[in-house]
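Asks: got a sequence here, can you build the structure:
(one chain, ligands or ions: 2)
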Amino acid sequence: MTQRSSAQTPITLTGIAASPGVVIGEVFRIHDQLDIPRHPIRPEQVDSEIHRLDDAMAHVQRDLSAIRSRILLDAHRKDADIFQVHIMMLDDPMFTDRIRQDMETRYINAEAAVADIGDEFIRAFSASENVHLREKSVDLKDLVQQIIFVLTGQERVDLSNLDTEVIVLAHDLTPSDTALMRKNGILAFATELGTRISHTAILARSLGIPAVVGLGSEMAKAETGDVVIIDGTHGYVILHPNAETIQQYQTEQEKYHAVEVELASLRDTEVQTRDGQRIEIAANIEFHEEVELIQKHGAKGIGLYRTEYFFMNQDHLPSEDELFESYRYVVERVSPEVTIIRTLDLGGDKLAPYLRLPRSSHSLMGLRAIRLCLKHPDIFLTQLRAILRASAYGNAKIMFPMISGLDELREAKWFVEIAQAELTQRGIPFNPEIEIGIMIELPSAAIIADLLAKEADFFSIGTNDLIQYSLAVDRRNEETLSLYEPLHPAVLRLTQSVVQVAHDAGIDVSLCGEMAGDPVFSLLLIGMGLTKLSMSPPVIPEIKKVISSISLKEAQSLIAEIMKLPTAGEIEVYIWKEAVERFPELMNWV
Ligand code: PEP
Ligand code: MG
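Replies: Ligands and ions are numbered 1, 2, ... in the order given. Model prediction:
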């Protein structure tokens, strides 16, 4: 690709390498901060400014009513209620008259008055004792933004509608933003916030979109139309590259493609260590279309199907038939290998706006994942019936996320029985012997793994959350990144003991956190006795290469030494020293 170089001096920004690959292209900058114009008006302008405000509010009202009727037509009555608050506020003179009065008394433009009075109401709602009102503050914020968007003529960016091949630069992106990118030609992205373990980064890796995150505010120096280089492999973003830098990165791009071609040759090989230990490598996927990728990258089945993304990418609650078709698509193609379908892990940063999840669901500690499903049997049973129906078409297993103890596991399994009874009554086939497993991703589950192993058919260790919850470090927050330590002795001990417990109980155990897809960590995991790993499809060939170059014996002796060390720092230093001496092949990959 030929790119025009910049006359400005190149600036190299260092961030977090979130998803590998080198891309040179034009920037599409998303300004998610609304620009609110603020200026005084003359007394004689007040009437026309109020007129402008009334027009904008009528415009928003028409839009909202149209959306609401569409949703009602689709018979999603609960979803339609979402907009009721917006519409009510627009009709409420307490709110609208306050804005008009503000313009008349302070002589300010409509946008500034809407923003200021909106803020006043939002603050009052959020501080209210009344939970209902507190929840409504989010709707009010949305309404205020909508009025300002109309007043200023600014457009909300719809990532699914970008039609040119661009590199998206943004302050932050949600996992649903990233999911939308897959539908069009987004080449790469970079964000000021974010970490490697955030769902946005995980999704970028799965979808093969190169990305750098956690770049900080320096990134604001790039604007739409600028040429930029994204080096997602090393975590660099080069703004205003000159001809020489572009040339250098074009060579990097070629090298990267050559490695990809070399690794692709490993696609159909079974993996084993040098001393003959077979290791199964499965894929983590988020969308049914990714099933093609798993074949391309040579995965043995699907170790984690994150089904929440299908819910996040809709504007309505999917029906049982829609879910069933999506699961059947995957299960049929992956069979005879297994597809582990994880039930909804919504909440935290994974939201489905039409569900209007309670505020606590946005919190990592709140009503999310299995907790949310148990509180919403209608949603949970619909999904379970769809999974069970798909199980008649191939090798499917059910897995529950965020299990903290036996009560939850029993209750969730009880819902599976209800779903089975409902299908039997309807005469619909399913696999009555379907295996039911759990994610071990909370410290409590790891600690009582022996009890859980008696009632779960298999375990999958979710180190992304296990690290987050055992070290009390938000995995999405770049400010506490240095505290998010996969090598912390507590994390290693918990992981090792879960593997041991599963072996003792004779149940299957695999690991599907991001640690599995890291060359050095994968070596440690194999040393702990794991023989099944599941990861983003694009990293599978690399991990296959690493595993086939090491011996299990060496990995075991490395882990035995490491488990004696008291801190993550000492462990890291030790690994590096040992890796250079004992695993020279590994050094090509780190
Ligand atoms: C995990 O927590 O390790 C995991 C695989 O699940 P997720 O990343 O979807 O939370
Ligand atoms: Mg998790």
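Asks: every contact and neighbour count from this point should use C-alpha atoms.
Replies: Noted.
Asks: with only the CA atoms kept, save stretch 29-41 in PDB.
Replies: Extracted C-alpha coordinates of stretch 29-41, given in PDB (Å, rounded to 0.1, in the frame of the first residue of the first chain):
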ATOM      1  CA  ARG A  29     -10.900  10.000  15.000                       C
ATOM      2  CA  ILE A  30     -13.900   9.500  17.200                       C
ATOM      3  CA  HIS A  31     -14.500  12.400  19.600                       C
ATOM      4  CA  ASP A  32     -16.800  10.900  22.100                       C
ATOM      5  CA  GLN A  33     -16.900  14.100  24.100                       C
ATOM      6  CA  LEU A  34     -19.800  16.100  22.800                       C
ATOM      7  CA  ASP A  35     -18.700  19.500  21.700                       C
ATOM      8  CA  ILE A  36     -21.000  21.900  23.600                       C
ATOM      9  CA  PRO A  37     -20.900  25.400  22.100                       C
ATOM     10  CA  ARG A  38     -21.300  28.000  24.800                       C
ATOM     11  CA  HIS A  39     -21.900  31.700  24.200                       C
ATOM     12  CA  PRO A  40     -23.900  34.600  25.400                       C
ATOM     13  CA  ILE A  41     -27.000  35.800  23.400                       C
END
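Asks: in that stretch, which residues are buried?
Replies: For stretch 29-41, a neighbour-count test (16 or more other Cα atoms under 10 Å) marks Arg29, Ile30, Ile36, Ile41 as buried.
Asks: and that stretch, what's its mean pLDDT?
Replies: If you average the pLDDT over stretch 29-41, you get 80.
Asks: now do stretch 247-267
Replies: Stretch 247-267 comes out at a mean pLDDT of 84.
Asks: tell me the buried residues in that stretch?
Replies: Within stretch 247-267, the residues scored as buried using 16+ other Cα under 10 Å are Tyr249, Gln250, Glu252, Gln253, Leu263, Ala264, Leu266, Arg267.
Asks: for the strand or helix carrying the first one, packing partners?
Replies: If you go by DSSP states H and E, Tyr249 is part of helix 243-264. Using 3 or more Cα pairs under 8 Å, 6 or more residues apart in numbering; DSSP states H and E as the contact test, the elements touching helix 243-264 are strand 22-30, helix 540-548.
Asks: helices and strands around the following helix or strand past the last one, which ones?
Replies: Right, helix 540-548. Next along the chain after helix 540-548, taking DSSP H and E as the criterion, comes helix 552-562. Using 3+ Cα pairs under 8 Å, 6+ apart, the elements in contact with helix 552-562 are helix 519-527, helix 568-582.
Asks: single out the most deeply packed of the ones you listed.
Replies: Highest mean neighbour count among these (mean count of other Cα atoms under 10 Å): helix 519-527, with a mean of 22.
Asks: pLDDT (mean, whole number) over the next helix or strand after that one?
Replies: Sequence-wise, the next helix or strand downstream of helix 519-527 (DSSP H and E) is strand 532-535. Regarding strand 532-535, the rounded mean pLDDT is 98.
Asks: from the contact counts, what lies against strand 532-535?
Replies: strand 278-285, strand 302-306, strand 508-511.
Asks: out of these, the one nearest Asp54 is which?
Replies: strand 302-306 (44.8 Å; Cα to Cα).
Asks: contacts for the closest one?
Replies: Residues from elsewhere that reach strand 302-306, judged by Cα atoms under 8 Å, 6 or more residues apart in numbering: 282-287, 334, 337-345, 510, 512, 533-535.
Asks: what count of nearby residues applies to Arg230?
Replies: No Arg there; residue 230 is Ile. 28 (other Cα atoms under 10 Å).
Asks: the longest helix in the chain is where?
Replies: helix 46-73 (DSSP state H).
Asks: for it, buried residues please.
Replies: Using 16+ other Cα under 10 Å as the burial criterion, the residues of helix 46-73 that qualify are 46, 49-50, 52-54, 56-57, 60-61, 64-65, 68, 71.
Asks: what residues does the stretch 1-150 of the chain put near ligand 1?
Replies: On the criterion Cα under 6 Å from any ligand atom, ligand 1 has no neighbours in the stretch 1-150 of the chain.
Asks: now the stretch 1-150 of the chain against ligand 1: closest residue?
Replies: Residue of the stretch 1-150 of the chain nearest ligand 1, by Cα to the nearest ligand atom: Ala18 (14.0 Å).
Asks: swap in the chain?
Replies: Nearest residue of the chain to ligand 1 (Cα to the nearest ligand atom) works out as Gly462 at 2.9 Å.
Asks: check contacts around that residue.
Replies: Met439, Ile440, Glu441, Leu511, Cys512, Gly513.
Asks: wait, the first one sits on Ser404?
Replies: No. Using Cα atoms under 8 Å, Met439 and Ser404 do not qualify as a contacting pair, with a distance of 9.6 Å.
Asks: show me where the stretch 51-200 of the chain has helices.
Replies: Here the stretch 51-200 of the chain has its helices, by DSSP state H, counting those that start in this stretch, at 77-91, 93-106, 110-127, 131-152, 175-181, 199-207.
Asks: so which elements touch the last one?
Replies: Put plainly, it is helix 199-207. strand 16-19, helix 175-181, strand 211-213.
Asks: now that helix and strand 278-285, what's the angle there?
Replies: Comparing the axes of helix 199-207 and strand 278-285 via axes from the mean of the first three to the mean of the last three Cα atoms, to 10 degrees yields an angle of 120 degrees.
Asks: just give the number of residues close to Gly225.
Replies: Number of residues near Gly225 (other Cα under 10 Å) recorded here: 13.
Asks: looking at this, it is in a strand?
Replies: No. Under DSSP: H, G, I helix; E, B strand; the rest coil, Gly225 sits outside any strand and is assigned coil.
Asks: start the count at 25 instead of 1 going forward.
Replies: New numbering, starting at 25: the last item is Gly249.
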